[in-house]
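give me the fold of what follows.
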Amino acid sequence: MGINVEIAQDWHAALAALSWQYDLGVEDVVLDAAVNRYDLPEATRTAKLEAPVPGPGPGAGIVPVPKGRSPSPAIAPQPVVAAPAVDVVAVAQAAAGRAGTLDALREALATFEHCDLKRGARNLVFADGNPKARVLILGEAPGRDEDMEGLPFVGSAGQLLDQMFAAIGMSRRSPDAQAALYITNVLPWRPPGNRDPEPEEIAMMRPFVERHIALVDPQVIVAMGNAPLFALTGSKGILRARGSWGQAFGRPLLPMTHPAYLLRNPIAKREAWADLLALQVRLRG
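Numbering: from 1, shown residues only. Sure, this is the predicted structure:
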């Protein structure tokens, strides 16, 4: 088989030039200025991204060694050390534990950076009502209206909730602690698309919920829906649990169906009314 003399001469000339640069100490080839590849035309960037990567061929991995030099020893690849995982529940416990007042707890939530929901929400939804109230209502998560106003239960479900408790003489606007309500949620930020809270999100926010309840110190907790029931007791099934008194953080707990569920299933309002009467009897007793 014949050898193209011009190609052979060009190859030897290139190798000689490479050896000469290597002897001068040139090890990396760079430009005079950095290249901002985002400024390249879109077609060029796309071509670079989509260009096929050639597979190994004959002689792959063999680097010509300049004359008079010994091959450099191979450098073993350094193991990749993964960053230590952050225990977000422990971080939440520490942040909540340092909060000695409701204002401090609100600030702790506002500066908590480990919940991705915060990045997509408009406002932190902390609480509403009288913090001296005997009854604390724990909801699930803010919806669109709550996210806009920064207050819990202000949409259609919130209007129904106000009507329900007004029927037994209680209101979030009452200055009288005996007739007042205090309302908050498990999640202080709106989930995208008003989806249900994830178990990981509930676990992350539970230390804040526990601290919130401790600071308000209500006589009774009302869990409105599956998410608060799970956050307080670790179990789900609000339709089975509603109407039966339980315990959460050493306080009486009354599970009730969420007002949004009642709007979709008006027939269930009869059971909700029975739950409200049971709450009224407990408070009178």
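
tell me which helix or strand the closest residue in space to F249 that isn't next to it in sequence sits in.
In space, and not counting its chain neighbours, F249 is closest to I213: 5.6 Å by C-beta to C-beta, 6 or more residues apart in numbering. Yep, even glycine has a C-beta here, placed from its N, CA and C like the rest. Assigned by DSSP states H and E, I213 falls within helix 199-216.

quick one, what contacts the residue nearest to F249?
Each residue near I213 by C-beta atoms under 8 Å, 6 or more residues apart in numbering is listed here: L136, L138, I221, A248, F249, R251.

from the residues you listed, pick the one nearest C115.
Distance from C115 was checked for each of these by C-beta to C-beta. The minimum falls on L138, at 17.6 Å.

let me know the secondary structure of the closest one.
Put simply, L138 is strand when judged by DSSP: H, G, I helix; E, B strand; the rest coil.

residues in contact with it?
For L138, the contacting residues are T184, N185, V186, V209, I213, I221, V222, A223, M224, P228, A231, L232, by C-beta under 8 Å, 6+ apart.

you'd agree the first one is in a strand?
Yes. Note on T184: a strand contains this position according to three-state DSSP.

share the number of residues neighbouring the closest residue to it other than its chain neighbours, please.
Spatial nearest neighbour of T184, excluding adjacent residues (C-beta to C-beta, 6+ apart): A127 at 4.2 Å. One way to gauge burial is a neighbour count; for A127, by other C-beta atoms under 10 Å, it gives 20.

R282 touches P252, doesn't it?
Yes. Here R282 lies in contact with P252, judged by C-beta atoms under 8 Å, at a distance of 6.6 Å.

quick check: neighbours shared by the two?
Any residue near both R282 and P252 by C-beta under 8 Å, 6+ apart counts here, and that gives V220, W245.
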